Every structure is written in C-alpha cells, then in structure tokens.
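Dropping a prediction and its sequence here:
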Amino acid sequence: MRTVTRVPAVYVRTGIRRFDGNAFIEALPPLPETKETLLLQLSNYPDKPTPKLRLASEIVRTMELSTLSDVVYPIPEYRQSALDLAKILRESYVARNPLNATDIQRRHALATNCADGLPFPSDWKSSAQGHLLMGITGMGKSTFCNAFFLRYPQLIEHSAYGDRPLMVRQIVYIVLRVPHDATLRSLCVQFFEEIDRILGDTKYRKAAESVRTIALMVQLMHTVATAVSLGIVVIDDVQNLRAAKGATAEFVLNLFSEIVERLGISLFLMATPAIDKVLINVVRNTRKSASSGCVALVPMARNSPEWKEFCETKWDYMYVKHKKRLTDGIRNAWHDASAGDTAFAVLSYMLTQQNAIGGAEVVDEAGFRRTMATDMAILQPAIAALRTRNLAKLQRFDDLLWGKAYWDLMKQLKVGPPEQSTVEDEFDELLAAHDADQQRPASPKGREKTAKTDEPDFPVERPLLKYE
C-alpha cells in the first residue's frame, strides 16, 4: 500500500487558459513541455550492477536480483495513456472551480441533497472524461498507473487562493479494485476505506456502516467524493464484473457513468480483454467511461523495435559474473520464454539469472530454455498460447484472448487494433476466425422498492456555510 503524500497547496499558473484561475488545477504538479518528457517521467532505472557487484557473493547477488522488479521501461503505448490521464485529471476540475458561484451551489446541493431548497444548478455541465486501458495479464497496466501517480500528491490542503479563503482538502486520486465477487456494496465500502486511509480518519467508514441500503450508500459515496474534491477515480480489475450476478454489472457501470456525468469526476479504468463479455452489452456506458480514448497493451512482437529496446534496457541489470553480448539468438530465446509479455519477460530473466548464479554464471539461450522447462513450466500453457496464437489454446485463457467480440466493441468506441511492425506475433488470425459466443445477460430484475429510512449522521461539506 502506497504511503499517502499530503502537501499544502502551492499555486502555479499553467499557461492553459481553461486551467488558469482554477485553484484545484494550479495546485497540481506542472506538466512537462513535451510528450517525450511525459513518457520518460514514467521510467525508473535503479543503479545498475557494477563489475565489483557481479563478483560479490552468491547470496548478495541473488538478493540484488529483486532490483529487476523496480525497473520501469515505458513502452510506447504508455505515452497516449499518460497524456490522456494528465488531461482528464485536470479536465475533471474545469467545471468544478471551487470559487465559481455555480459550482459552490452544485457542491452545496450534493452535500445537503437539496434538503434546504437550494437546487442543483441546471446549467452546470460536467467536464470530466473517462479513459480505458486494456491489456492482457502482465502487460504493465498497474505498473503504468503507479508510475504516473508517483509524481502526484494524493492529498492537497488548501487554505487561501490569493486573498480569498479556501478551506478545502483536495484528494487528487484514489485507486479501487473491482472485488472478485463484483458486488456494488464491496466496491462502495472499499471507497470509504480508501478515503479514510488518505485523510487519516475512520469516520466515513463508520458512517457508511450505518447505511441500510445500497442506494443510500451510493448517495453517500457521491456526497463524500464531492466533499473531498476528488479529481479522478482509478478502477482496476474491471474484468471481475464477469462474476457479477443478475444486473449487478450494469448497476456498477451505471455508477461509473454517474461519477463522470453527475459528480464531474474523471474515471480511469483498467481491465483485461476478458471484460468484453460485460461491456459489449452496455456500449452506451462504456463509451462514457472511455470518452477520452482507449489504449490497448499487447505483447511485444519478436522483431519489433520495442522488444529490442526492452531487452537492451533489462540486459544492463546483469548480476552473473560473466555478462555476454546480447545477441539475436538470446533475444529470441527470451521471447520464446515470455511471448513478449512484460511480466513473463522479467520473470524469465530473473529466474534465469538466479539459476546461473553459483553455476554457469552466464545468461544465454540454454539458460532461458532451462527456465522454461523447470521454474516456469506451470506457465507454459499460457505462454505457448500467446506465442503460437493457437485459437484452441487461447480460448482457455480469457485474460489473454483478444477476441472478435473485443474488437467489435472497440470499433463502436472508435478504437482500432494497435499497429505492429511485424505480423509474426500479431493476433490477426484470431480476429477473423474467432466468433466468441456471447452469453446473454440475465434478465435485469426490477429494482426493489425500499422503505424510506432516516439518513445517518454523515459528515458533509457545506460550501455555503460561510455565506449563511
């Protein structure tokens, strides 16, 4: 769990007309000048092993191998997601300027549920957007997310903007995961727990525990998200909605749409291709959740420039005594062991070095083949399915299958398949051959009417309090 970074607000003009004058946006870290710099900011290259370290004891070098997990090589697809994420985080606040009279009224209406007669402003329009990052298991979705938000404080505390008082706490982002049971209650409880963790409190979770209906819990979730000036909600493992019973998946996706449209909070979703069976039936909500775009992370092709650069970057982190020259043969053996999946590639490289330390003290083709046959034997069915593009094998692994249903959905969202520099390891054959069976969603049951209940004593923001 990442340590919460809390900072006082420091306002810096952005040079972007629609952003300047907005305290929430000016308090965010400044944007770099170029797209390339934005991509490079996602990278992380720990100290490389020195010749002296390669001669250290077997135990020392084996322990040092874990450094490989800290190396972040920013694949080209990260650039578009980083640009979109930086944009939608700031766009989230464009319509939510805390010193704007219309937004003060909106926040007050949400905080009080219009109980004092002040209505939700009819002319307010959300500026929030959604982004969808799709990738097979191990392609670095979580790595990207962690690397991007590493530069952002999670909590910014405001006191005044210029000569105007502004006593507000701004939570820049929260990260949630769709639970394995895919229930709406579990997701809501996770939200309150995360807010409490960031604020260093327990009041929101305790208040939520007194709620007796899901509908009221969602309403309170709206209230809290507004009160803490939340910028963006990151939701991982969206493919777990496959486990949702009845119409729950649609209810959760409706909640995602509410976050963007009614609360004005941007949304960043991450999922494997297995989510297509859920999203294909609710394209309207999916389009809202991916309004700023969708990026697909696919395994690197054997002869692609990305794979060569990835291997060269990792090759510098060699802990065996004898560092060989990285040849095409070694790269090919490495690709055989990983199918171009970044997680499998790092794992196979780490295990091959671990086996070589105290033994051959060299990493070569034979070393990768031994790792495939021993340490990674249990993963071979999945890796072989990726490597051979065998349809029958891929159908056993939903999280690896870029099926026709997925690309049909992406076409409706105006997202095309990613281009590769070689056809050798692409999945074009699957797109033509695979007509995935679509499971009919269970007939949505009518929402049960719930008896009116007294609202719990829930802490809310009262933006108009100082004017009353």
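Yes, it's here.

hey, let's count contacts and neighbours off CA atoms from now on
OK.

for the stretch 101-250 of the chain, what spans make up the strands?
Ranges of strands in the stretch 101-250 of the chain, per DSSP state E, counting those that start in this stretch, are 130-135, 155-161, 164-171, 173-177, 232-236.

which residues touch the second one?
Residues outside strand 155-161 that contact it (Cα atoms under 8 Å, 6 or more residues apart in numbering): 4-9, 23, 27, 165-172, 198-199.

Also the last one?
Residues outside strand 232-236 that contact it (Cα under 8 Å, 6+ apart): 88-89, 92, 142, 172-178, 265-271.

Neighbouring strands - and their directions - for it?
strand 173-177 (parallel), strand 266-271 (parallel) (DSSP bridges).

Deepest-packed of those, please.
Of all the strands paired with strand 232-236, strand 266-271 has the most neighbours on average by mean count of other Cα atoms under 10 Å, namely a mean of 26.

Please state the offset of it from the chain centre?
For strand 266-271, the separation from the chain centroid amounts to 6 Å (computed by Cα atoms, centre = their mean, to the nearest Å).

What angle do strand 130-135 and that strand make with each other?
Inter-element angle recorded for strand 266-271 and strand 130-135: 20 degrees (by axes from the mean of the first three to the mean of the last three Cα atoms, to 10 degrees).

circling back: can you flag the buried ones in the contacts of strand 155-161?
6, 9, 23, 27, 168-172, 198-199 (16 or more other Cα atoms under 10 Å).

related to what we said a few turns ago, with mean pLDDT and distance to Arg54 added, can I get the strands of the stretch 101-250 of the chain in JSON lines?
As requested, those are exported to JSON lines (pLDDT from 0 to 100; distance: least, Cα to Cα, whole Å):
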{"stretch": "strand 130-135", "mean pLDDT": "88", "distance to Arg54": "35"}
{"stretch": "strand 155-161", "mean pLDDT": "96", "distance to Arg54": "42"}
{"stretch": "strand 164-171", "mean pLDDT": "93", "distance to Arg54": "44"}
{"stretch": "strand 173-177", "mean pLDDT": "95", "distance to Arg54": "39"}
{"stretch": "strand 232-236", "mean pLDDT": "95", "distance to Arg54": "38"}
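
Can you tell me which of the ones you listed is nearest to Arg107?
Proximity to Arg107 (Cα to Cα) singles out strand 164-171 among the strands of the stretch 101-250 of the chain, at 12.2 Å.

pLDDT on the helix or strand harbouring Ile25, on average?
Take DSSP states H and E as the rule and Ile25 turns out to sit in helix 23-26. For helix 23-26, the mean per-residue pLDDT is 97.

Give me the pLDDT value at Thr213.
pLDDT at Thr213 comes out at 84.

Repeat that for Asp336.
95.

same deal with the one 10 residues further on?
Among the per-residue scores, Val346 holds a pLDDT of 95.

Enumerate every residue touching it.
Applying Cα under 8 Å, 6+ apart, the residues near Val346 are 68-69.

Distance of it relative to Ala274?
23 Å (Cα to Cα, to the nearest Å).

Please apply the same query to Tyr73.
Going from Tyr73 to Ala274 by Cα to Cα gives 25 Å.

likewise Pro153?
Taking Cα to Cα, one finds Pro153 at 32 Å from Ala274.

likewise Ser257?
Distance from Ser257 to Ala274, by Cα to Cα: 21 Å.

related to what we said a few turns ago, now distance to Trp307 too, for the strands paired with strand 232-236, in JSON lines please.
Shown next, in JSON lines, are the strands paired with strand 232-236 (distance: least, Cα to Cα, whole Å):
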{"stretch": "strand 173-177", "distance to Trp307": "30"}
{"stretch": "strand 266-271", "distance to Trp307": "23"}
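
Quick check: buried residues in stretch 292-308?
Result for stretch 292-308 [16+ other Cα under 10 Å]: buried residues 292-304, 306-308.

just how off-centre is it within its chain?
Centroid displacement of stretch 292-308 relative to its chain, using Cα atoms, centre = their mean, is 17 Å.

next one: stretch 95-102
Mean-position distance between stretch 95-102 and its chain equals 28 Å (Cα atoms, centre = their mean).

any residues touching that stretch, and which ones?
22-24, 103-104, 121, 124-127, 264.

Apply the buried test to these and list what passes.
Buried among the contacts of stretch 95-102 (16+ other Cα under 10 Å): 22-24, 103-104, 126-127, 264.

which of these sit farthest apart?
The widest separation within the buried ones among the contacts of stretch 95-102 (Cα to Cα) is 17.4 Å, between Ala23 and Ser126.

could the strands of the stretch 101-250 of the chain go into a markdown table alongside distance to Pro98?
Shown next, in a markdown table, are those (distance: least, Cα to Cα, whole Å):
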| stretch | distance to Pro98 |
| --- | --- |
| strand 130-135 | 22 |
| strand 155-161 | 10 |
| strand 164-171 | 8 |
| strand 173-177 | 17 |
| strand 232-236 | 16 |
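
So which of those strands is nearest Gly367?
With distances scored as Cα to Cα, the stretch of the strands of the stretch 101-250 of the chain nearest to Gly367 is strand 130-135 (28.4 Å).

how near is Val60 to Val320?
In terms of Cα to Cα, Val60 sits 11 Å off from Val320.

For Ala337, see how far away Glu361 is.
19 Å.

same check, this time on Pro273
Counting by Cα to Cα - Pro273 and Ala337 are separated by 22 Å.

what about Ile16, neighbour count?
Ile16 has 8 neighbours, counted by other Cα atoms under 10 Å.

so what pLDDT did it get?
94.

element containing it, please.
Going by DSSP H and E, Ile16 is not in any helix or strand.

Enumerate every residue touching it.
Applying Cα under 8 Å, 6+ apart, no residues qualify as near Ile16.

and Gln154, backbone torsions?
phi -90, psi -30 (degrees, to the nearest 10).

related to what we said a few turns ago, can you put the buried ones among the contacts of strand 155-161 in TSV and add distance to Glu312?
Formatted as TSV, these follow (distance: Cα to Cα, whole Å):
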residue	distance to Glu312
Arg6	37
Ala9	41
Ala23	43
Ala27	38
Val168	47
Arg169	44
Gln170	41
Ile171	39
Val172	36
Ile198	39
Leu199	42
